[in-house]
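**Q** For reference, the sequence and a predicted model appear below.
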Amino acid sequence: MTDNTYTYQAMFLLDNQEVRQNGFNAVRDQVKATLEKHGLTPRVLRLWGERKLAYPIGQRRRAVYLLGWLEGGPEAVNQARKDFYLVGPVFRCLFLREEAIPEEELAYGIEEVDESSLVIPEDVDEAPPAEAAAEAEAAAETESKPTGGEDAAEATEETAAAAVSEDGEAEQASEAVAASQEDKE
């Protein structure tokens, strides 16, 4: 390695629709070609999984994650990052400078994936937690209106918790409902 060449770990978020249309291997090859075009040498590019995003990015709520290990200079990384954001299936990427590529990662190399084993769910329109809580509260008021103050708050919280997905957003919905109940009192 020259003085200006470093090792980077990279994570690429790939658009599910592009992966569905073109296939994972073809999209991975696009990423590889872009990296090589800017003077980076990909040593590992492997499927890390298809997952829900931590927060919505545009209309996207899920992405295919591509983990990479590469070598090159910092200017090449900057140019590749700009290129990814202008065109192609990568809508977010992260490059971290590392000391070396772990041996267990080198074993993956440029991974070929059996396309039939990669399941990419259709994008699901999920209401953000605040909207789900408001919808649940409105539904609770129209479905049944308990007469006691505590009964109404409990019914609204139960409805909000049921209306929100099971991945931790129920707590946020309950807090939003509790806050709205305090405003009413």
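**A** Perfect, thanks for sending it. Numbers count the residues shown, from 1 in each chain.

**Q** all contacts plus neighbour counts: C-alpha atoms, from now on.
**A** OK.

**Q** Report all helices and strands that the lengthiest strand in the chain contacts.
**A** Among all segments of the chain classified by DSSP state E, the strand with the greatest residue count is strand 41-57. When contacts are defined as 3 or more CA pairs under 8 Å, 6 or more residues apart in numbering; DSSP states H and E, strand 41-57 packs onto helix 24-37, strand 60-72, helix 103-106.

**Q** rerun at 7 Å
**A** strand 60-72 (3 or more CA pairs under 7 Å, 6 or more residues apart in numbering; DSSP states H and E).

**Q** Show me which residues of the strand it packs on are buried.
**A** Neighbour-count burial for strand 60-72 flags 60-72 (criterion: 16 or more other CA atoms under 10 Å).

**Q** got those residues as CSV, with distance to residue 16 columns?
**A** Shown next, in CSV, are the buried residues of strand 60-72 (distance: CA to CA, whole Å):
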residue, distance to residue 16
60, 9
61, 10
62, 7
63, 5
64, 6
65, 10
66, 12
67, 15
68, 18
69, 22
70, 23
71, 27
72, 28
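
**Q** If we only consider these, which is nearest to residue 45?
**A** residue 68 (4.4 Å; CA to CA).

**Q** Distance check, that closest one against residue 59.
**A** According to CA to CA, to the nearest Å, residue 68 and residue 59 sit 25 Å apart.

**Q** Which segments of this protein make up each domain?
**A** 6-117, 129-184 (automatic domain parsing).

**Q** lowest average confidence, helix or strand, in this protein?
**A** helix 149-163 (a mean of 44; mean pLDDT, DSSP states H and E).

**Q** Now for the residue nearest to residue 85 when sequence neighbours are not counted: which residues touch it?
**A** Spatial nearest neighbour of residue 85, excluding adjacent residues (CA to CA, 6 or more residues apart in numbering): residue 91 at 6.1 Å. Contact partners of residue 91, counting by CA atoms under 7 Å, 6 or more residues apart in numbering, are 13-15, 85.

**Q** Lowest average pLDDT across the domains of the chain?
**A** When the domains of the chain are compared on average pLDDT, domain 129-184 comes out lowest at a mean of 48.

**Q** quick revisit: would the residue nearest to residue 85 count as being in a strand?
**A** Yes: according to DSSP: H, G, I helix; E, B strand; the rest coil, the state of residue 91 is that of a strand.
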